[in-house]
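Asker: Pasted the sequence and its predicted model underneath.
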Protein chains: 2
Amino acid sequence: MTVIVEKFGGTSVGNVERINAVADHLMDKHAAGEQLVVVVSAMSGETNRLIDLANQISESPSHREMDVLLSTGEQVTIALLSLALHKRGNDARSYTGGQVSIRTDNVHSRARIQNIDSARIVRDLEQGRIVVVAGFQGVDEEGNITTLGRGGSDTTAVAMAAALNAQECRIYTDVDGIYTTDPRIVPKARRLTQITAEEMLELSSLGAKVLQTRSVEFANKYRVPLRVLSSFEAGEGTLITYEDESTSMEAPLISGIAFQRDEAKLTIRGIPDHPGVAHKVLGPISDAHVNVDVILQNASEKGFTDLTFTVPRSDYPVCKKVLDSLVDELDAKDTRGDDTIAKLSLVGVGMRSHSGVANLMFKTLADNNINIQMISTSEIKISVIIAEAELEHAVAALHQAFELEK
Amino acid sequence: MTVIVEKFGGTSVGNVERINAVADHLMDKHAAGEQLVVVVSAMSGETNRLIDLANQISESPSHREMDVLLSTGEQVTIALLSLALHKRGNDARSYTGGQVSIRTDNVHSRARIQNIDSARIVRDLEQGRIVVVAGFQGVDEEGNITTLGRGGSDTTAVAMAAALNAQECRIYTDVDGIYTTDPRIVPKARRLTQITAEEMLELSSLGAKVLQTRSVEFANKYRVPLRVLSSFEAGEGTLITYEDESTSMEAPLISGIAFQRDEAKLTIRGIPDHPGVAHKVLGPISDAHVNVDVILQNASEKGFTDLTFTVPRSDYPVCKKVLDSLVDELDAKDTRGDDTIAKLSLVGVGMRSHSGVANLMFKTLADNNINIQMISTSEIKISVIIAEAELEHAVAALHQAFELEK
């Protein structure tokens, strides 16, 4: 029994024509001997329509009722896709999250999946049925409808694949795979045939927004073979793999270059260097609900320290205000800020076993006259902060230097 | 504990403004000490939108998937109404048919309610919550979503009232009660403050389409006090009561005049009179999926019989064809037809204990020069078939003759 889970997002089922195309595709796969469980999202536009209705009634709608409301979006899609499959001769069955017992905790609007009862699905598959499951939704212990939050349908698909011990979980999107970097910036950017989950996590949290971080983490945890493909063109896509010792030696040096525009950096300088400085500065920033990304602390003169951090550019004004208000309190010298920066990251599990990656990166940037403002490293990633104006130049130069076009 | 079930149809919750109005109304009732369970339909237009989507995919969509699809309509309404109640300070809870275990048989698209588990609702009511339940839907034994067919939300409300032993079940509609006859034809038509369920059944099946027959039957079976009111204007509406011996003596002679336009009648004449004639004629009509209404059989000459019946006017052509094809087979003389007729019925439990109703009816029609083509009677109803052109004249004359304007 070759069970495959396939997931189609809102654009892929955005209208009747697209739903028919998905049904054609599924019938082909089914004819080729695959036992199929299909996870679908709400038709694109539907979720926004429902949110708009709710907002007309209440500015702060309860999460429980929003889940009841929004879960109807996927329910419409599963029914329509099943009808399209019936018309093509398959006795497909649709199921809501509740009906196949996608049991979650009770945190409405961002619930976590705890358990899936796959007995009913297995029975249907054995009878040759294609099973169509509503993504993004589940039920808590008391039978209340929950939703999984952003990227929830991807998570449903991965969880379903784990529960069914599926051979592969295929996520259909509007791109045909994961690239070495953004092809709009580097035309020679190359689609990766495979990538490790670890690399994927670094890439996706850095702005290569093909898959939600959470679904990759989930896949990683249960070692679900995950493939990203285009729902509009044929192709193999990119397979996300799980590193083991035998393969890591052969891993490429780096897999891709991720970047994030719209960043800003702030510095508070000349703070008397006592324990707790970082907390005193970043506590108020966190209270303002800002996510801080890169943080650097360095002694400047003896007895004084500087603290620099980056934030999303839209949060720059509020952060600058908070920081300015701290100068007196902390007896600091002054604050500085720059909201024209970008972050660029090299990602690759190969870094672990190869030295020289950082060196080549810094040399390439220097040769191209690009000034590095900040550096931050992790085990499989090196990030630099540079001027946004130099971002595209830097990405292209590094893509070539690391021979990513192969 | 005064539990009241209130039901609002699609027009009453047709947009955000109407939903807010219903929420205001419910808060008033709740403040007045009523414990409220509210049953709602899909917002008007929504069901048609969904059916249209399905029809774009399949000409003969499966009933199971149509139920999955259509049940989302009510689910949207329960969420939105609950949000509107939250905004007004009540910790309302919404429930789908499945969530409060409205258990039905498994006949998709026209399921029958078998059982309701009211424990969860009672708990919410005890905590001061208004409970909002999706009408029209349930689940079968295996957890498949079912819908109850036409007028299903009324049936849900009545079943809920029976399960909770509610003091009253209020059905809000676009009319302010049950009238002695159609006020558009007889301006003096009067709203009835009460009517027996039996009379209501005769009236509604005869075309006074305020309540679906099925929900009245259901209410009658469980003796649920049922009130029909306007969702747009204040008023007492009409209370549907259950006759017992002590009240029947005081019942008015007749309660109302119902009528049905768009009828047709067909006659096959001169059939040799053998047992089984009715079956031989009406069997093929039934096979053509036509609902026959009034049926009369009479000997014409010795050894021969005539059979006349009425059908909806839209079915006239197919019935005429079937009948013509039977002439040779049955050795009949010929067929006749008239598709310009209407049916008019006097309804009233008072008929049982008062003679003379039929006499006054026939005399009034004769005085007004209106020809009776067929007569059919039941215990609490007398129906006549007349030319449609004379219908309004007849209704007005009878309304006055029986002093229905009081």
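Answerer: Sure thing, it's come through.

Asker: residue ranges with poor pLDDT in chain A?
Answerer: For chain A, the stretches with pLDDT under 70 are A:1, A:204-209, A:244-252, A:353-355.

Asker: near chain B at all, the longest helix seen in it?
Answerer: Determined from DSSP state H, the single longest helix within chain A is helix A:63-87. Yes - in terms of Cβ under 8 Å from any Cβ of the partner chain, part of helix A:63-87 sits within range of chain B, namely A:64-66, A:68-69, A:71-72, A:75-76, A:78-80, A:82-84, A:86-87. For every residue, glycine as well, the C-beta is placed using N, CA and C.

Asker: quick one: that helix to chain centroid distance?
Answerer: 23 Å (Cα atoms, centre = their mean, to the nearest Å).

Asker: before we move on, what about stretch A:234-242?
Answerer: That offset, for stretch A:234-242, works out to 16 Å (Cα atoms, centre = their mean).

Asker: Mind exporting the C-alpha coordinates of that stretch to CSV?
Answerer: Output in CSV follows, covering the C-alpha atoms of stretch A:234-242 (Å, rounded to 0.1, in the frame of the first residue of the first chain):
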residue,chain,number,x,y,z
ALA,A,234,4.7,19.4,-14.0
GLY,A,235,8.0,18.8,-12.3
GLU,A,236,9.8,16.9,-9.5
GLY,A,237,9.9,19.9,-7.2
THR,A,238,12.2,19.8,-4.2
LEU,A,239,12.3,16.9,-1.7
ILE,A,240,13.1,17.7,1.9
THR,A,241,15.3,15.1,3.4
TYR,A,242,16.5,14.2,6.9
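
Asker: Might you enumerate the residues of the stretch 151-300 of chain A proximal to chain B?
Answerer: So the stretch 151-300 of chain A never meets chain B (Cβ under 8 Å from any Cβ).

Asker: What ranges does the stretch 151-300 of chain A have for its strands?
Answerer: Using DSSP state E, counting those that start in this stretch, the strands of the stretch 151-300 of chain A run over A:168-173, A:194-196, A:226-230, A:238-241, A:256-272, A:295-299.

Asker: for the following helix or strand past the last one, packing partners?
Answerer: For strand A:295-299, the succeeding helix or strand toward the C-terminus, using DSSP states H and E, is strand A:304-312. Strand A:304-312 sits against strand A:256-272, helix A:277-287, strand A:295-299, with contacts defined as 3 or more Cβ pairs under 8 Å, 6 or more residues apart in numbering or on different chains; DSSP states H and E.

Asker: Show me what strand A:304-312 is in contact with.
Answerer: Contact partners of strand A:304-312, identified using Cβ atoms under 8 Å, 6 or more residues apart in numbering or on different chains, comprise A:262-273, A:277-278, A:281-282, A:285, A:290-300, A:319, A:333, A:341, A:343, A:374, A:385.

Asker: among these, which ones are buried?
Answerer: A:263-271, A:277, A:281-282, A:285, A:290, A:292-294, A:296, A:319, A:341, A:343, A:374, A:385 (16 or more other Cβ atoms under 10 Å in any protein chain shown).

Asker: just the residues of the stretch 1-150 of chain A that are near chain B, which are they?
Answerer: A:16, A:19-20, A:50, A:53-54, A:56-58, A:61-62, A:64-66, A:68-69, A:71-72, A:75-76, A:78-80, A:82-84, A:86-87, A:93-94, A:96, A:98-99, A:143-145.

Asker: can you rerun that using 6 Å?
Answerer: Within the stretch 1-150 of chain A, the residues that sit near chain B (Cβ under 6 Å from any Cβ of the partner chain) are A:16, A:54, A:56-58, A:61-62, A:65, A:68-69, A:72, A:75-76, A:79-80, A:82-84, A:86-87, A:94, A:99, A:143.

Asker: Next, the angle from the longest helix of chain A to helix B:63-87.
Answerer: 170 degrees (axes from the mean of the first three to the mean of the last three Cα atoms, to 10 degrees).

Asker: Figure out which of the helices and strands packed on strand A:304-312 is closest to B:Ala394.
Answerer: With Cβ to Cβ as the measure, strand A:256-272 is the member of those nearest B:Ala394 (77.6 Å).

Asker: Check the offset of the closest one from the chain's centre.
Answerer: Counting by Cα atoms, centre = their mean, strand A:256-272 comes out at 21 Å from the chain centroid.

Asker: Give me the sheet partners of that strand and which way each runs.
Answerer: Sheet pairing for strand A:256-272, assigned by DSSP bridges, gives strand A:304-312 (antiparallel), strand A:334-347 (antiparallel).

Asker: May I see those strands organised as JSON lines, with distance to B:Ala162 added?
Answerer: Converted to JSON lines, these look like this (distance: least, Cβ to Cβ, whole Å):
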{"stretch": "strand A:304-312", "distance to B:Ala162": "57"}
{"stretch": "strand A:334-347", "distance to B:Ala162": "64"}
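
Asker: can you give me the helices for the stretch 51-200 of chain A?
Answerer: A:63-87, A:119-126, A:152-164, A:197-205 (DSSP state H, counting those that start in this stretch).

Asker: Next: the stretch 301-406 of chain A.
Answerer: Under DSSP H, counting those that start in this stretch, the stretch 301-406 of chain A gives helices at A:316-330, A:357-367, A:391-401.

Asker: so which of those helices is the most packed in?
Answerer: helix A:391-401 (a mean of 19; mean count of other Cβ atoms under 10 Å in any protein chain shown).

Asker: Mind giving me the packing neighbours of it?
Answerer: Contact analysis of helix A:391-401 by 3 or more Cβ pairs under 6 Å, 6 or more residues apart in numbering or on different chains; DSSP states H and E lists helix A:357-367 as its packing neighbours.

Asker: The helix it packs on versus helix A:391-401: what angle between them?
Answerer: 130 degrees.

Asker: helices or strands up against helix A:357-367?
Answerer: Helix A:357-367 sits against helix A:391-401, with contacts defined as 3+ Cβ pairs under 6 Å, 6+ apart.

Asker: domains for chain A, by residue range?
Answerer: A:3-173, A:257-401 (automatic domain parsing).

Asker: which residues does the one residue in the stretch 201-350 of chain A that gets nearest to chain B contact?
Answerer: When scored by Cβ to the nearest Cβ, the stretch 201-350 of chain A has A:Ser231 as its residue closest to chain B, at 17.8 Å. Each residue near A:Ser231 by Cβ atoms under 6 Å, 6 or more residues apart in numbering or on different chains is listed here: A:8, A:12, A:172.

Asker: switch to 7 Å and redo it
Answerer: Shown in contact with A:Ser231 (Cβ atoms under 7 Å, 6 or more residues apart in numbering or on different chains): A:8, A:12, A:172-173.

Asker: Check the stretch 101-250 of chain A for the residue nearest chain B and tell me.
Answerer: Proximity of the stretch 101-250 of chain A to chain B (Cβ to the nearest Cβ) peaks at A:Gly143, 5.5 Å away.
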